[in-house]
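Chemist: kindly generate the corresponding structure for this input.
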Amino acid sequence: MHNSVVDRIAGWWCKRMHNEPMWPVNGKYICRTCLRAHPVEWSNSHSYATRPVPALHPVPASPVLRRLQAVKAES
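Modeler: Coordinates of the predicted model:
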């Protein structure tokens, strides 16, 4: 039990005091300072709320673009 308490305290200390993580790989990242592995908190799909994707609406062509299209169609 002693090791698990020490590990939790060391993990807490690392997350709060060490600010140089490496890129996440396989759902975890490594601290550059103490080389402890931590799970990536956003890797679980249920841990964050998804936001709706806005619908895409066609943008009207600018007058210049319409003129270029007309000239191209004429030739």
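Chemist: would you list every one of the helices in this protein?
Modeler: 2-17, 63-74 (DSSP state H).
Chemist: got those helices as a markdown table, with mean pLDDT columns?
Modeler: Compiled in a markdown table, those are given as follows (pLDDT from 0 to 100):
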| stretch | mean pLDDT |
| --- | --- |
| helix 2-17 | 82 |
| helix 63-74 | 84 |
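Chemist: so which of the ones you listed gets nearest N26?
Modeler: helix 2-17 (18.1 Å; C-beta to C-beta). (Each C-beta comes from the backbone N, C-alpha and C, glycine too.)
Chemist: any residues touching that closest one, and which ones?
Modeler: C31, T33, C34, R36, H38 (C-beta atoms under 8 Å, 6 or more residues apart in numbering).
Chemist: what pLDDT does the nearest residue in space to R32 that is not next to it in sequence get?
Modeler: If the residues on either side of it in the chain are set aside, R32 comes closest to E20, at 4.1 Å by C-beta to C-beta, 6 or more residues apart in numbering. In this prediction, E20 carries a pLDDT score of 77.
Chemist: one more: the one 3 residues further on?
Modeler: Looking at W23, its pLDDT reads 82.
Chemist: show the contacting residues for it.
Modeler: For W23, counting by C-beta under 8 Å, 6+ apart, the contacting residues are Y29.
Chemist: for it, grab phi and psi.
Modeler: The phi/psi pair for W23 (degrees, to the nearest 10) reads phi -60, psi 140.
Chemist: do you know how far it is from V64?
Modeler: Using C-beta to C-beta, to the nearest Å, W23 is found at 44 Å from V64.
Chemist: V25 now?
Modeler: 48 Å.
Chemist: re the thing from before, redo the helices of the chain as a markdown table? Include distance to W42 and mean neighbour count.
Modeler: A markdown table is the format used below for these (distance: least, C-beta to C-beta, whole Å; neighbours: other C-beta atoms under 10 Å):
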| stretch | distance to W42 | mean neighbour count |
| --- | --- | --- |
| helix 2-17 | 14 | 11 |
| helix 63-74 | 41 | 9 |
